[in-house]
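> quick one: sequence and predicted model below, then my questions.
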Amino acid sequence: MGKKIIVAGGGHGGIAAGAMLAENGFDVTVYEAHKREDMGYDWTDIFDRKGLFACGMEMPAEDKYLLKNDMTFINPAMTMRVKQHVPVEELEIQMERKEIYNHIIAHAEECGVKFKYETPVEAPVMLGGRVVGIKTAEGVEYADLVIDAAGINSPVRSQLPKALGIQHKVQEYEQFFVYRGFFNKPCECEGDKFRVYLFFKGRKMICWVADDGEYTDVLIGSFVPIEMDEVNEILGELREYNPDLGTEIVRGGSFANIPVRQPLAVLVADGYAAIGDSAFMTVPVIGSGIANCLKAARVLADTVIADKDGLYNGETLWKYQRGFYKILGNGLAPLASVKLMLTRLNGEELDYIFENEILNADDMTIGADSNSLASMLGGMLEPEALKKKVSGSVKNPVVFRKIVKMVSDIAKVTAATTAMPLKYDRKLVVKWASSYNACFKR
Ligand SMILES: Cc1cc2nc3c(=O)[nH]c(=O)nc-3n(C[C@H](O)[C@H](O)[C@H](O)COP(=O)(O)OP(=O)(O)OC[C@H]3O[C@@H](n4cnc5c(N)ncnc54)[C@H](O)[C@@H]3O)c2cc1C
């Protein structure tokens, strides 16, 4: 029997990494809190199909997905409608969350992964600073490596000894509190299919109303927790502008949290590796995390397979840490500075930014490969566009100051990620993590 791997929580990246490991002879078991049929949300998600290919998975059947619609961004004063124009080859796919799980789990089972459903993980089990297993209501399960795929509030990550330098909790402005529901569609709406309202009616929130074919899909997201009363009030106001948004809830209608922050500073420890939302791998400004955790799964599986001595300690798993940051983390971290700048703006300032084309349709054209500031900058650096942005910004000293602060933050983040230790030395790693985290103070 191969080395024993526990995947704590059935997150997408953990299952995908588990599949590649099981295929290579490891004994992999996923411990998931929910029943199989209750996994995933009752809604659709948009993600880059290359995530599936990175893990050696095939495309789902053609009737299981659509190509995503371009989004139209509407500024707080509703004076501008800025529509994306994502090239077809960069379009993400839109798929039911339950179908994504069906696809990934079927693949993992074929590779030999075992699943224990309705088994919540309560805590990590430690021995002399090493994670040696997990605790569930049924008792203790030991393993050579625990892959933490239990999401944003992982009970494994949040109960690790502080000395490992792994952050336990998300801070203020680092997660999005989201309501999502699908409503009946009383009429067809001419024009934009996917309407995204920024700071709708003066609230520091992002809302979307999207024609989903059969239904109208609504998302309301905020940096502070929201209650149903407020959701109902916002739904009522959204209906004034969106006649295709009916009053009858058809699907979903629940709350969830999305990490919108820099990736976890330290992903590994002896016997432990975090992946997906438990390691905050989402794109900070937009919250997409499915493709990223699948791409990270490939790096993690390759790292574990390459550890021929079966140590799975900080030193050997550091290859995963550096590999993840190389392909994704170094690009995602500066986007957390962009998100912080957005949290510092008020509605009038955001209006100014749109009305003066400091952000335009090219900048909002976020495609499958928009995983880094460099990929998002694209057209922004064209001389004509840049001239417009600079002259627009300097005319408003408050906006200009906030943009300058963001640029300086990005420079600090870039310097911090570049200074990541080459090798795992716990003291050095903990010191580095604290300087990296300090770059994201609001
Ligand atoms: C409203 C909303 C919309 C989103 N839209 C998109 C989108 O369109 N595109 C995109 O790419 N991403 C989207 N995301 C983000 C995406 O869901 C995550 O980034 C992605 O799923 C990766 O997270 P994960 O699989 O690691 O964790 P999760 O999806 O949180 O999965 C964690 C799993 O662990 C299980 N678990 C939790 N605690 C325990 C425990 N104690 N014991 C055992 N099991 C446990 C959970 O039941 C769950 O099955 C959205 C998120 C939300 C909330």
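Happy to help now that I have it. Note that the coordinates shown come from a computational prediction; the quantities given were computed from them, not determined experimentally.

> all strands of the stretch 101-250 of the chain, in order?
With strands called from DSSP state E, counting those that start in this stretch, the stretch 101-250 of the chain shows them at 114-116, 121-127, 130-136, 139-142, 145-148, 175-183, 194-198, 205-211, 216-222, 249-259.

> looking at the ones you listed, which is buried most?
When these are scored by mean count of other C-beta atoms under 10 Å, the highest mean neighbour count falls to strand 145-148 (a mean of 31). Every C-beta, even on glycine, is put in place using the N, C-alpha and C of the backbone.

> mean pLDDT added to the strands of the stretch 101-250 of the chain, as a markdown table?
A markdown table is the format used below for those (pLDDT from 0 to 100):
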| stretch | mean pLDDT |
| --- | --- |
| strand 114-116 | 98 |
| strand 121-127 | 98 |
| strand 130-136 | 98 |
| strand 139-142 | 98 |
| strand 145-148 | 98 |
| strand 175-183 | 97 |
| strand 194-198 | 94 |
| strand 205-211 | 94 |
| strand 216-222 | 96 |
| strand 249-259 | 95 |
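
> in JSON lines: the ones you listed, plus distance to Val304.
Rendered in JSON lines, the data for the strands of the stretch 101-250 of the chain read as follows (distance: least, C-beta to C-beta, whole Å):
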{"stretch": "strand 114-116", "distance to Val304": "17"}
{"stretch": "strand 121-127", "distance to Val304": "18"}
{"stretch": "strand 130-136", "distance to Val304": "14"}
{"stretch": "strand 139-142", "distance to Val304": "17"}
{"stretch": "strand 145-148", "distance to Val304": "7"}
{"stretch": "strand 175-183", "distance to Val304": "29"}
{"stretch": "strand 194-198", "distance to Val304": "39"}
{"stretch": "strand 205-211", "distance to Val304": "37"}
{"stretch": "strand 216-222", "distance to Val304": "35"}
{"stretch": "strand 249-259", "distance to Val304": "24"}
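
> and Gln84, which of those is closest to it?
Within the strands of the stretch 101-250 of the chain, the stretch nearest Gln84 is strand 194-198; the backing value is 8.6 Å (C-beta to C-beta).

> and the closest one, what does it pack onto?
Under the contact criterion of 3 or more C-beta pairs under 8 Å, 6 or more residues apart in numbering; DSSP states H and E, strand 194-198 touches strand 71-74, strand 205-211.

> got the contact list for it?
Residues outside strand 194-198 that contact it (C-beta atoms under 8 Å, 6 or more residues apart in numbering) are 69-76, 206-211, 238, 242, 350.

> mind checking the helices and strands packed on strand 194-198 for the one nearest to the ligand?
With distances scored as C-beta to the nearest ligand atom, the stretch of the helices and strands packed on strand 194-198 nearest to the ligand is strand 205-211 (10.4 Å).

> tell me the strands beside that closest one, with direction?
For strand 205-211, the paired strands and their directions (DSSP bridges) are strand 194-198 (antiparallel), strand 216-222 (antiparallel).

> which residues touch it?
69, 71, 176, 185, 188-189, 193-200, 216-222, 226, 234, 238, 241-242, 244-245.

> tell me what the nearest residue to Val224 once chain neighbours are set aside is bridged to.
Counting by C-beta to C-beta, 6 or more residues apart in numbering, the nearest residue to Val224 once its immediate chain neighbours are dropped is Phe177, at 6.7 Å. Here Phe177 sits in beta bridges with Ser222, Asn257, as judged by DSSP bridges.

> in contact with Phe177, which residues?
For Phe177, the contacting residues are 221-226, 255, 257, by C-beta under 8 Å, 6+ apart.

> if you set the cut-off to 7 Å instead, what comes out?
Residues in contact with Phe177, defined by C-beta atoms under 7 Å, 6 or more residues apart in numbering, are 221-222, 224-226, 255, 257.

> and it, how close does it get to the ligand?
9 Å (C-beta to the nearest ligand atom, to the nearest Å).

> how about Glu214?
Glu214 sits at a distance of 18 Å from the ligand (criterion: C-beta to the nearest ligand atom).

> for that residue, which non-adjacent residue is closest in space?
The spatial neighbour of Glu214 that comes closest, neighbours along the chain excluded (C-beta to C-beta, 6+ apart), is Lys185 at 7.2 Å.

> likewise for Ala149?
Counting by C-beta to C-beta, 6+ apart, the residue nearest Ala149 is Gly14, at 2.3 Å.

> SS state for the spatially most central residue of the chain?
When C-alpha atoms, centre = their mean is applied to the chain, the residue found nearest the centroid is Thr282 (1.9 Å). Secondary structure of Thr282, reduced to three states by DSSP: H, G, I helix; E, B strand; the rest coil: coil.

> residues near Leu350, how many?
If you count neighbours by other C-beta atoms under 10 Å, Leu350 ends up with 20.

> now the element after the worst-scoring helix or strand of the chain on mean pLDDT, going C-ward?
Taking mean pLDDT, DSSP states H and E as the measure, the chain has helix 373-377 as its least confident helix or strand, at a mean of 66. Later in the chain than helix 373-377, the nearest helix or strand by DSSP states H and E is helix 383-394.

> quick one: list the elements packing against that next one.
Taking 3 or more C-beta pairs under 7 Å, 6 or more residues apart in numbering; DSSP states H and E as contact, the helices and strands that helix 383-394 lies on are helix 397-418.

> now the helix it packs on - C-alpha only, PDB.
Output of helix 397-418 as PDB, limited to C-alpha atoms (Å, rounded to 0.1, in the frame of the first residue of the first chain):
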ATOM      1  CA  PRO A 397      -6.000  64.900  -6.200                       C
ATOM      2  CA  VAL A 398      -7.900  62.500  -3.900                       C
ATOM      3  CA  VAL A 399      -8.200  59.800  -6.500                       C
ATOM      4  CA  PHE A 400      -4.600  60.400  -7.600                       C
ATOM      5  CA  ARG A 401      -3.400  60.000  -4.000                       C
ATOM      6  CA  LYS A 402      -5.200  56.700  -3.700                       C
ATOM      7  CA  ILE A 403      -3.800  55.400  -7.000                       C
ATOM      8  CA  VAL A 404      -0.300  56.400  -6.000                       C
ATOM      9  CA  LYS A 405      -0.700  54.600  -2.700                       C
ATOM     10  CA  MET A 406      -1.800  51.500  -4.600                       C
ATOM     11  CA  VAL A 407       1.200  51.700  -6.900                       C
ATOM     12  CA  SER A 408       3.500  51.900  -3.900                       C
ATOM     13  CA  ASP A 409       1.700  49.000  -2.200                       C
ATOM     14  CA  ILE A 410       2.100  46.900  -5.400                       C
ATOM     15  CA  ALA A 411       5.900  47.700  -5.400                       C
ATOM     16  CA  LYS A 412       6.100  46.500  -1.800                       C
ATOM     17  CA  VAL A 413       4.200  43.300  -2.500                       C
ATOM     18  CA  THR A 414       6.400  42.500  -5.500                       C
ATOM     19  CA  ALA A 415       9.500  43.000  -3.400                       C
ATOM     20  CA  ALA A 416       8.100  40.800  -0.700                       C
ATOM     21  CA  THR A 417       7.200  37.900  -3.000                       C
ATOM     22  CA  THR A 418      10.600  38.200  -4.700                       C
END
